[in-house]
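# Fold the following, please.
(one chain, ligands or ions: 1)
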Amino acid sequence: MSDHELDNIVKKVRKEKKAFSNKAALDTSNPPLEIVSRTDEIKEIVDYIMDYEQGQVVPLVSIYGRSGTGKSTLLKHVCNHLPKVKLCFVNLRKAKTVFGGVNIILNELGQQSLTSAQGMNVAMEKIQETLLNMMDLQKKKLFILALDEFDVLFYDKRGNPSDFVYKLVELIADLKQKGCLAMIFTISNNVLSDYDLDERIRSRIGNSEIFFKPYSKDEMLMILQQRAKVAFDKKINDEILEECAKISFLEHGDARRAVDLLRVSAEIAAKEKKELAVGHVKVALQKIQKDRVEEVIESLSQHSKLICLVMAAKTFFHDKDWHTTMSLYEKYKEYLDAEPVSYRRFSELLKDLENTGLLTSKTSSKGQRGYSSEFQLVMDPQIVGDIIDKDWWNKHVVEPKIALDRLNDAGIKKNSLLTGLTDWNMPYLS
Ligand SMILES: Nc1ncnc2c1ncn2[C@@H]1O[C@H](COP(=O)(O)OP(=O)(O)OP(=O)(O)O)[C@@H](O)[C@H]1O
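Alright, predicted model coming up:
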């Protein structure tokens, strides 16, 4: 590429970026200028923390709620506001094992990792020693260890997360004996007491919990207005922000994704050299969904991909959202040109898919026949079909569906002419 061509690219990109006066305001890894709403949750956090002035704090508080509800932001905001509080904020997302989590804590405290052979007790002693030195040096009154994405440790089936929680609580008690007040805030999507914990730990940690509910549409709008004011020179039409807030409220209540939606919409408008409009939000939503689904689907096994394809086809072809495990399993077996997994394994795979956020489930009563689970695809089935196998999807699902809809529109009964079109029925061979 010649220098001239490169200069032209730089010029074009620079022009696109002029749509923003301060794009960093739409970067959700930066703290917000101001906390919107959440007064009750802030009060609850402050309540637990301020007990230190009476020399007595609870050892562990579980902050929980869905993603993007402000859990980490608020805890950091409160701690940074209080001069006598020392916060050590640790994200455990990358911890593959309980001991890996301990090493992440040590690293955050400025210490080297230990080998698992050195054992948990040595690690706890190291944490304790470091904390005591740090508190003495910095003349703080309360040490807070915030453990974000704490639930990750419970995926370590060989480790003992329950024992780790116990050791942390013991550590807090030891520190207190040595004149150092400390407490732990765990942050996760589910409340800590829902996890597999021993009884002795349940009684030690008590019920110190703070729930963060998903944001309402108005709260979401306020968060967006605040960021938009800083990010753009021109005032953004409220209609656009309201659209982003509405979509985010209906889909997830996640402030991070709402801000991302606004940013991607503005990027698309800038690329088209147009004013940001509501239409760009719709395009951005499709793009974000597609990127997310692509990332998740790429990491799935062939069986799980096939389950997604069955779900997408059933949803799209029959205009039906909810599907029972049995109806999905029957179609999956019919569909598969290889040895199927057992029904039990199939149910597990559905649950795993639910954990990725691609599906959601509900349990409904079948009267005397007990209960059954039903699943719904969270994403647009077209996006899922396109990602897994676009050609196959178009040929065996979209085209027959269009043909069937035409027949229906013309008033021709489904089963009279083209019975083959009453369902998509080509085995999926790849
Ligand atoms: N009340 C709020 N006021 C302003 N910005 C907010 C508020 N709540 C959340 N945000 C913004 O939304 C984004 C997500 O917030 P945060 O990371 O605190 O959520 P979280 O509940 O900890 O999510 P996760 O569980 O995914 O870690 C951040 O960029 C944050 O600045």
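
# Check which residues of the host helix or strand of D391 are buried.
Assigning secondary structure by DSSP states H and E places D391 in helix 381-393. The neighbour-count check on helix 381-393 (16 or more other Cβ atoms under 10 Å) flags 381-389, 392-393 as buried. For every residue, glycine as well, the C-beta is placed using N, CA and C.

# model confidence over the helix or strand following that helix, on average?
Next in sequence after helix 381-393, counting helices and strands by DSSP H and E, comes helix 399-409. What helix 399-409 shows for mean pLDDT is 83.

# Quick check: buried residues in helix 399-409?
By 16+ other Cβ under 10 Å, the buried positions in helix 399-409 come out as 400-401, 404, 407.

# what distance separates it from the middle of the whole chain?
When distances are taken as Cα atoms, centre = their mean, to the nearest Å, helix 399-409 is centred 37 Å away from the chain's centroid.

# ok, the closest residue to the ligand within the chain - contacts?
Distances between the chain and the ligand by Cβ to the nearest ligand atom are smallest at G70, namely 2.8 Å. Contacts for G70 (Cβ atoms under 8 Å, 6 or more residues apart in numbering) come out as 35, 38, 41, 212, 215, 255.

# can we see that at 7 Å?
38, 212, 255 (Cβ atoms under 7 Å, 6 or more residues apart in numbering).

# Which one (most neighbours) among the residues you listed?
Most neighbours among the contacts of G70, by other Cβ atoms under 10 Å: A255, with 26 neighbours.

# That one contacts M222, doesn't it?
No. Look at A255 against M222 with Cβ atoms under 7 Å: they stay out of range, at 10.0 Å.

# Give me the buried positions along whatever helix or strand L6 lives in.
Per DSSP H and E, L6 falls inside helix 3-17. Within helix 3-17, the residues scored as buried using 16+ other Cβ under 10 Å are E16.

# Leaving out chain neighbours, which residue sits closest to N107?
Sequence neighbours aside, S113 is the residue nearest to N107 in space, at 6.4 Å (criterion: Cβ to Cβ, 6 or more residues apart in numbering).

# neighbours of the one you found, just the number please.
Using other Cβ under 10 Å, S113 is surrounded by 14 other residues.

# would it count as being in a strand?
No. Looking at S113 with DSSP: H, G, I helix; E, B strand; the rest coil, it is coil, so not inside a strand.

# Please give me every residue in contact with it.
103, 106-107.

# Same list (these) but as a markdown table, adding distance to the ligand and neighbour count.
Converted to a markdown table, those look like this (distance: Cβ to the nearest ligand atom, whole Å; neighbours: other Cβ atoms under 10 Å):
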| residue | distance to the ligand | neighbour count |
| --- | --- | --- |
| N103 | 21 | 18 |
| L106 | 22 | 18 |
| N107 | 19 | 12 |
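
# Can you tell me which residues in the stretch 51-200 of the chain are near the ligand?
Residues of the stretch 51-200 of the chain found near the ligand (Cβ under 6 Å from any ligand atom) are 67-73.

# got the contact list for the closest residue to M379 other than its chain neighbours?
Sequence neighbours aside, V293 is the residue nearest to M379 in space, at 5.1 Å (criterion: Cβ to Cβ, 6+ apart). Contact analysis of V293 by Cβ under 7 Å, 6+ apart lists 379, 383-384, 387.

# How much space separates V293 from K126?
To K126, V293 is 42 Å away according to Cβ to Cβ, to the nearest Å.
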